[in-house]
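Colleague: whatever this is, show me its structure:
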Amino acid sequence: MTDLLQRYRILRIVIPPVFVLWTLTMLALTLMPSDAIPDARLFSYDKAGHFGMFGGWTFFLGLYMIVYKEKLNINLFLLMVAGIAFGALIEGMQYLLPGGRTASWGDIAANSLGCFTAYLLLHPVRNYLRRKK
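Modeller: Here you go, the predicted structure:
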């Protein structure tokens, strides 16, 4: 185990299962039939939910690559593009699958904005770990 992983050993243990659970939860929430989704009257969580889910997914993917795989030179722009593509794929699946879900350009925009925010947050994380190595 390298020096970087010795210092951040807890992240090495936590990041992979968190990323998998985050992905599975996202898929369940975004692909379940619309009548199975509880109605939230207090707060319209749809766009904020998309922003948080896909921003979180991109951020955890970046942490996985940077800390677990030790890819300190990973192209963060490509990670952001992967998150945006994943969001667009899910929107396409919503359009094709039965269950009352619909694809939305607004959802794609919220997904993309979340991915872009994660992209911005990953830069200082990666730079910090580069200096510590």
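Colleague: residue contacts, residue 71?
Modeller: residue 65 (CB atoms under 8 Å, 6 or more residues apart in numbering). C-betas here are computed from N, CA, C, even on glycine.
Colleague: next, it: phi, psi?
Modeller: The phi and psi values for residue 71, taken as degrees, to the nearest 10, are phi -90, psi 70.
Colleague: return the distance of it relative to residue 133.
Modeller: Distance of residue 71 to residue 133, given as CB to CB, to the nearest Å: 12 Å.
Colleague: tell me how many other residues crowd the nearest residue to residue 67 once chain neighbours are set aside.
Modeller: Leaving out its chain neighbours, the residue that sits closest to residue 67 by CB to CB, 6 or more residues apart in numbering is residue 11, at 4.7 Å. Residues near residue 11, counting by other CB atoms under 10 Å, number 18.
Colleague: return the distance of stretch 106-123 from the chain's centre.
Modeller: 9 Å (CA atoms, centre = their mean, to the nearest Å).
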